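Novice: Could you work out the structure for the sequence below:
(one chain, ligands or ions: 1)
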Amino acid sequence: MLDLLVTNATLPDGRTGMSVAVQSGRIAEVTPGLAAPAHETVDAGGQLLSPPFCDPHFHMDATLSYGLPRVNESGTLLEGIRLWGELKPLLKAEDLVARALAYCDWAVARGLLAIRSHVDTSDASLLAVEALLEVRRRVAPVIDLQLVAFPQDGVLRTPGGIDNMKRALDLGVDIVGGIPHFERTMSDGAISIQLLCEAAARRGTLVDMHCDETDDPLSRHIETLAFETQRLGLQGRVNASHCTSMHSMDNYYVSKLLPLIAESGVSVVANPLINITLQGRHDTYPKRRGMTRVPELMAAGVTVAFGHDCVMDPWYGLGSGDMLEVAHMGLHVAQMTSRQGMRACFDAVTVNAAKVMHLQGYGLAPGCDASFVLLQARDPIEAIRLRANRLKVWRKGRLLAETPAVVTTLTDEKGPRGVTFVMPPRP
Ligand code: FE2
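Specialist: Below you'll find the model as predicted:
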């Protein structure tokens with residue numbers, strides 16, 4: 001007797017009429033038209049069954065703090081960092097935990113079950129680190145929460161920055177972070193990358209750095225990061241987040257850079273909602289979009305994923321933990337409008353993000369965790385178009401969240417009828 005059987009599902013790879021059998025929290029079988037006894041059988045009705053959404057770049061210590069102690073008037077990255085600096089001395093651990101847990105509820109409701117969050121280590125008290133370690137313990141049954149030790153004010157620029165980073169890792173933070181473009185000089189940025197990658201190599205941890213989050217075409221820390229990755233044998237263990245300067249770089253230089261990134265096995269996370277909002281702020285017109293070169297990186301063989309980065313914090317006043325909204329913006333900003341491009345944007349918030357995060361047991365295949373989301377959409381492209389409703393969210397075979405199907409009732413001379421924004425079949 002199976003624990004759960006989902007029938008008549010469409011999978012992201014296009015297979016239809018599929019059954020997914022679940023036993024003891026894992027996927028036992030994925031096959032067309034399976035009929036087997038189960039404690040619970042769910043007819044997917046031909047809708048899309050996807051592995052859960054994953055957010056490979058977030059700041060959970062700042063989330064839902066919008067307006068504290070004031071809003072970001074200029075809308076720039078630098079005012080956001082200043083504002084966060086004003087808020088930090090006012091932070092209380094219990095408030096931070098409460099906000100993060102509230103966000104995790106939103107995430108689960110949206111089928112977002114894995115999050116990599118940076119946590120600011122600039123403050124010697126490590127208050128935010130302790131708070132997010134507590135959050136990681138509390139949400140472990142529902143969310144894979146990874147923490148990155150992130151020296152927001154620059155690991156070299158902050159007195160005691162390196163020591164704070166070490167202490168955060170000793171306390172149980174998973175990954176080494178960095179912010180080379182915020183160090184005082186370009187050479188200090190390069191030194192910070194070298195020091196941080198060496199620390200990660202010694203400790204055997206992954207690396208995830210904010211890298212070149214600027215419109216400066218000469219901010220080229222990604223080159224140093226790729227080089228250090230190769231030098232230290234960290235291939236496949238390093239992620240570069242943002243890389244917005246690549247948007248503005250010289251094309252010849254990028255033609256040399258892309259193979260270096262691919263050879264080094266460095267993955268890249270773009271953050272479309274935040275990049276399109278924060279970048280180009282020093283431009284008049286035309287205003288640069290600022291997002292990194294997503295389709296070109298993908299074509300070069302680099303794993304590229306999309307992150308949410310911020311939800312209602314000093315940098316961004318919107319968001320709700322919806323990775324389909326992230327994919328929707330990424331698709332537009334990168335002009336990935338081909339069928340293949342749109343599907344790649346769905347991958348950027350699911351399988352690619354899981355790869356960046358080194359998630360184990362992820363996917364819709366026998367032996368994987370029985371964690372998946374039933375969407376009110378027939379395929380990944382429709383899911384992005386509609387920012388589709390999450391009908392059901394399961395983790396390891398356990399139902400975590402349900403949302404009723406969204407149907408709007410129109411009433412006209414023929415009486416009431418439902419509208420779901422699904423394209424009707426061609427006559
Ligand atoms: Fe970030």
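Novice: Val148 should be in a strand, yeah?
Specialist: Yes - looking at Val148 with DSSP: H, G, I helix; E, B strand; the rest coil, it is inside a strand.
Novice: Is it in contact with Thr121, as I believe?
Specialist: No - under the criterion of CB atoms under 8 Å, Val148 lies out of contact with Thr121, with a separation of 9.4 Å. C-beta coordinates here come from the backbone N, C-alpha and C atoms, glycine included.
Novice: what's the burial count for the residue lying closest to Val349 once chain neighbours are set aside?
Specialist: Taking CB to CB, 6 or more residues apart in numbering, and ignoring the residues beside it in sequence, Val349 has Met323 as its nearest neighbour in space, at 4.0 Å. Met323 is flanked by 27 other residues according to other CB atoms under 10 Å.
Novice: What pLDDT does the model give Met323?
Specialist: Among the per-residue scores, Met323 holds a pLDDT of 98.
Novice: Tell me how many other residues crowd Ile81.
Specialist: A total of 16 residues lie near Ile81 under the criterion other CB under 10 Å.
Novice: Which secondary structure element is home to the closest residue to Val135 other than its chain neighbours?
Specialist: Leaving aside its sequence neighbours, Val135 sits nearest to Ala100 (CB to CB, 6+ apart; 4.5 Å). With elements delineated by DSSP states H and E, Ala100 resides in helix 93-109, which encompasses its position.
Novice: Check which helices and strands the helix or strand that that helix is followed by sits against.
Specialist: Stepping forward along the backbone from helix 93-109, the first helix or strand reached (DSSP H and E) is strand 112-120. Using 3 or more CB pairs under 8 Å, 6 or more residues apart in numbering; DSSP states H and E as the contact test, the elements touching strand 112-120 are strand 53-58, helix 93-109, helix 127-139, strand 144-150, strand 207-211, helix 351-356.
Novice: which is the next helix or strand following the shortest one?
Specialist: On the C-terminal side of strand 207-211, the nearest following helix or strand under DSSP H and E is helix 221-231.
Novice: does Asp55 really touch Met323, like I thought?
Specialist: Yes - the pair Asp55 / Met323 is scored as a contact, 6.1 Å apart, by CB under 8 Å.
Novice: Which residues are in contact with each of these two?
Specialist: Overlap of the contact sets of Asp55 and Met323 (by CB atoms under 8 Å, 6 or more residues apart in numbering) consists of Leu112, His308, Val349, Ala353.
Novice: Please list all residues in contact with the closest residue to Pro32 other than its chain neighbours.
Specialist: With sequence-adjacent residues excluded and distances taken as CB to CB, 6+ apart, Pro32 is closest to Gly17, at 5.1 Å. The neighbourhood of Gly17, defined by CB under 8 Å, 6+ apart, consists of Asn8, Ala9, Pro32, Gly33, Gly46.
Novice: Among those residues, which one sits closest to Val238?
Specialist: Nearest to Val238 among the contacts of Gly17: Ala9, at 35.4 Å, using CB to CB.
Novice: Report the contact partners of that closest one.
Specialist: Gly17, Met18, Ser19, Val20, Ala44, Gly46, Gln47, Leu48, Leu49, Leu374.
Novice: so which strand or helix has it?
Specialist: Applying DSSP H and E as the criterion places Ala9 in strand 2-9.
Novice: what lines up beside that strand in the sheet?
Specialist: When sheet partners are counted by DSSP bridges, strand 2-9 sits next to strand 18-23 (antiparallel), strand 38-43 (parallel).
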